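**Q** Here is the input, now give the coordinates:
(2 chains, ligands or ions: 2)
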Amino acid sequence: MFLMFDIARGMLARRRRQTLVSVSGVALGVAFFIAIVALMRGFQTYFVDQIIDVAPHITIKDETRIPAPQAAELLHPGAAVAISGVKPRDRIRGIRAAGDKVAMLEAMEGVAAAPVLQGQALMRYGSRDVSAVVTGIDPARHIRVSNIEKDMTAGRLDDLRRTANGIIIGEGLGQRLGIGMGDTLTVISPQGVVLSMQVAGMFRTGIQTVDQGHAFALLKVNQVLQDRPNVVNQILVRLADVTQAEPMARLIESRFGDRAESWEEQSANVLTVFVIQNAITYSVTGAILLVAAFGIYNVISTVVFEKTRDIAIMKSLGFTEGDIQLLFLVQGLVAGLLGAILGSVLGALMIEALAQIRFATSTPSGANGFIMDRNWRIYAAACFFALMAAGIASVIPARRASRLDPVQVVRGAA
Amino acid sequence: MAPPDPPLLELRDVTRQLPEGAVLVRDVTLVFRRGEFVAVTGPSGSGKSSLLYLLGLLDRPSAGHVLLEGRDTARLSTNELAALRLQKLGFVFQFHFLLPEFSALDNVEIPIRRLGRLKGAAVRDRAMALLAALGLGDAARKLPEQLSGGMRQRAAIARALANDPALILADEPTGNLDTANAAAVFDIFERLAREEGRTVIVVTHDPDLAKRATRRIHLVDGRIVSDSG
Ligand SMILES: Nc1ncnc2c1ncn2[C@@H]1O[C@H](COP(=O)(O)OP(=O)(O)OP(=O)(O)O)[C@@H](O)[C@H]1O
Ligand SMILES: [Mg+2]
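**A** Residues are numbered from 1 along each chain as shown, chains lettered A, B, ... in the order given. Ligands and ions are numbered 1, 2, ... in the order given. Below is the predicted model:
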């Protein structure tokens, strides 16, 4: 019905100021929505990228999620069995047949796997003691599952093979110990093995806990240090498609029985924070849009009130309730649409303005400003919400207008 | 023998009562034929406007039947009544009730476009022809606020004629006009009835104007006390 659009346009054009007020309300709501969501999502995406970049996509551990059933439980299935004082058997922990499992994983499409042995050790240099996690790796394989090579600030992963008892440490760890490239430090494992190791490389990932508390050595060297010959206690997996991490982890776990954790599970605490952050973001921006919607409601209600006579005359001319409803719905939607367009432009400007801000301190990873997500979906969502809000806000007064009894109005006016 | 042509509009034992009990129109039976020029008179509060709203399908009777071209309107939906008003009826009120945002021309075009029988330039041509016939050819593009009272009322009549209705209903259309303008409006109504064969029903307080009608209906307390034609 072009006619109703024309009439709506005529009515809007003749009340520029009111139209402008409701349009700018929506525009501000949309602009803030876009800017805030772009800011939040930019930060979160950057953060997740950092995690995915550093952490393996899937970590297979030498544990099982559910403890093996006890003999008494197997004997009386379904019965209430109380067992106390269960202690894990003092077997040699580690992933059984790790070599075969790595080979099986590698055989899959888009999957890279590397065995590691991870353990605690005390780093001693002079009078300083710092406890750290030492990961024993096979450099050739490890490069394929981890981007640590990219974060190396000195030396390379492969240098481990060329240095006798070489160790690669985080820069933060080096600072805490007061050592640098080529220095020799003493490493003591909980098993009491003491090794003298030489710094063959250093790295900086930007994640403090990693930089200050992690070190890499050859798998063989770490097996000696931890006194666990031939043992592997983790298999790290990297996927071509990171979004498949969770289903893949479940598949691996069901196949091997070993506990397999996707990066999402491992960073569940951070991701939970994001959920809360998103909830706050969307409630704040939602509240802004709600205010904008209320503005539209207000303006359309006023228009309906002021246009009582015109509504009555249109109905007496033969316009239906549906026509009248459309007439005011269109006015609200036009205000919403104009606001959405204006708000998108404003939001884009706000994003670029925020992106210009530089912080005095730079984070270890090098970002010293806001990281903005410039995804078109944010604009689409903002415009969608604005139109929805405008529609709902105007449908209420529009319905009221359509129900108006022309006889009452004409009688009152005459 | 051909069936007799049904009258244009017929009221049968129509009563309109408010839910609170007041009776606006009581037991009215009336038949209107094509080309009649009818004046409805009566003291203030006698139910003239109420009767007109019933005739114009704007209001529904509490009892009795309203028949348009022999067809009972009682069971028609609100939308069907609206469609009948659009095609067959034209209203003129004491106040012009033109849409203030739109020119006289636009105001006349609106019902034509709503009906949708004419398209494109034909819509504008018809609206222009109607305005020109009522002496508003030069004022067509003006907004209602830029027109004089008499011109506005003539523009409102042009709008009532937009879809070539068989029935014109006017409620004190000259109430706000001076004698000359009032006489001009009545000239128009007279012509619409006599020359164009439309049925024109006008509520008026002015006995001199009422005399020009071909039929006069006098109401008192919602009852017809005289009907002379
Ligand atoms: N909705 C209503 N509520 C209360 N009273 C009403 C209502 N509608 C009409 N009336 C009363 O019914 C009576 C008839 O009204 P109506 O407008 O039809 O009279 P009228 O002949 O057109 O009067 P006037 O010459 O003043 O226009 C009046 O007394 C009016 O006050
Ligand atoms: Mg009246």
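
**Q** Buried ones in the lengthiest helix in chain B, by neighbour count?
**A** As assigned by DSSP state H, the longest helix anywhere in chain B is helix B:179-194. The neighbour-count check on helix B:179-194 (16 or more other CB atoms under 10 Å in any protein chain shown) flags B:Asn181, B:Ala182, B:Ala183, B:Ala184, B:Val185, B:Phe186, B:Ile188, B:Phe189, B:Leu192, B:Ala193 as buried. (Glycine included, C-beta is placed from N, CA and C.)

**Q** Does that helix pack against any helices or strands, and if so which?
**A** With contacts defined as 3 or more CB pairs under 8 Å, 6 or more residues apart in numbering or on different chains; DSSP states H and E, helix B:179-194 has these neighbours: strand B:37-41, helix B:149-160, strand B:167-171, strand B:199-203, helix B:207-210.

**Q** dump the residue contacts of whichever residue of chain A sits closest to ligand 1.
**A** Nearest residue of chain A to ligand 1: A:Arg411, at 5.8 Å (CB to the nearest ligand atom). Counting by CB atoms under 8 Å, 6 or more residues apart in numbering or on different chains, A:Arg411 makes contact with B:Ser49.

**Q** got the residue ranges for the helices in the stretch 51-200 of chain A?
**A** A:71-75, A:98-107, A:139-145, A:159-162, A:171-177 (DSSP state H, counting those that start in this stretch).

**Q** May I see the buried residues of helix B:179-194 organised as JSON lines, with distance to A:Met372 and pLDDT added?
**A** Listed next are the buried residues of helix B:179-194 as JSON lines, based on distance: CB to CB, whole Å; pLDDT from 0 to 100:
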{"residue": "B:Asn181", "distance to A:Met372": "67", "pLDDT": "86"}
{"residue": "B:Ala182", "distance to A:Met372": "71", "pLDDT": "88"}
{"residue": "B:Ala183", "distance to A:Met372": "74", "pLDDT": "89"}
{"residue": "B:Ala184", "distance to A:Met372": "70", "pLDDT": "87"}
{"residue": "B:Val185", "distance to A:Met372": "67", "pLDDT": "88"}
{"residue": "B:Phe186", "distance to A:Met372": "73", "pLDDT": "90"}
{"residue": "B:Ile188", "distance to A:Met372": "68", "pLDDT": "90"}
{"residue": "B:Phe189", "distance to A:Met372": "70", "pLDDT": "91"}
{"residue": "B:Leu192", "distance to A:Met372": "69", "pLDDT": "91"}
{"residue": "B:Ala193", "distance to A:Met372": "73", "pLDDT": "91"}
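
**Q** Give me the sheet partners of the helix or strand A:Gly201 falls within and which way each runs.
**A** Following DSSP states H and E, one finds A:Gly201 within strand A:194-203. If you go by DSSP bridges, strand A:194-203 pairs up with strand A:152-154 (antiparallel), strand A:166-170 (parallel), strand A:184-188 (antiparallel).

**Q** Look up how far chain B lies from A:Glu352.
**A** Computed as CB to the nearest CB, to the nearest Å, the A:Glu352 to chain B distance reads 39 Å.

**Q** what's the average pLDDT for the strand or helix carrying that residue?
**A** Following DSSP H and E, one finds A:Glu352 within helix A:321-356. The pLDDT scores in helix A:321-356 average 92.

**Q** Buried ones in it, by neighbour count?
**A** Residues A:321, A:323-344, A:346-348, A:350-351, A:354-355 are the ones in helix A:321-356 that count as buried (16+ other CB under 10 Å).

**Q** residues contacting A:Ala31?
**A** Going by CB under 8 Å, 6+ apart, A:Ala31 touches A:Gly343, A:Ser344, A:Leu346, A:Gly347, A:Met350.

**Q** for the closest residue to the third one other than its chain neighbours, phi and psi?
**A** Nearest-residue entry for A:Leu346: A:Ala31, 3.7 Å, with adjacent residues in sequence omitted and distances by CB to CB, 6 or more residues apart in numbering or on different chains. Note on A:Ala31: backbone dihedrals following degrees, to the nearest 10 are phi -60, psi -50.

**Q** Figure out how far the least confident helix or strand in chain A by mean pLDDT is from the centre of its chain.
**A** When the helices and strands of chain A are scored by mean pLDDT, DSSP states H and E, helix A:71-75 comes last with a mean of 76. Distance of helix A:71-75 from its chain centroid, counting by CA atoms, centre = their mean, to the nearest Å, is 44 Å.

**Q** contact partners of it?
**A** Outside of helix A:71-75, the residues that reach it under the criterion CB under 8 Å, 6+ apart are A:Val81, A:Ile83.

**Q** Could you pull out the buried residues of it?
**A** For helix A:71-75, it's none, nothing buried (16+ other CB under 10 Å).

**Q** longest single strand anywhere in chain A?
**A** For chain A, the strand with the greatest residue count under DSSP state E is strand A:111-125.

**Q** partners of it, with directions?
**A** strand A:128-137 (antiparallel), strand A:184-188 (antiparallel), strand A:234-239 (antiparallel).

**Q** host element of whichever residue of chain B sits closest to chain A?
**A** Distances between chain B and chain A by CB to the nearest CB are smallest at B:Leu86, namely 2.6 Å. B:Leu86 is part of helix B:78-88, with elements assigned from DSSP H and E.

**Q** Who are the packing partners of that helix?
**A** Checked by 3+ CB pairs under 8 Å, 6+ apart, helix B:78-88 has helix A:308-317, helix A:321-356, helix B:104-115 packed alongside it.

**Q** Give the next helix or strand downstream of the second one.
**A** It stands for helix A:321-356. Following helix A:321-356 toward the C-terminus (DSSP H and E): helix A:376-403.
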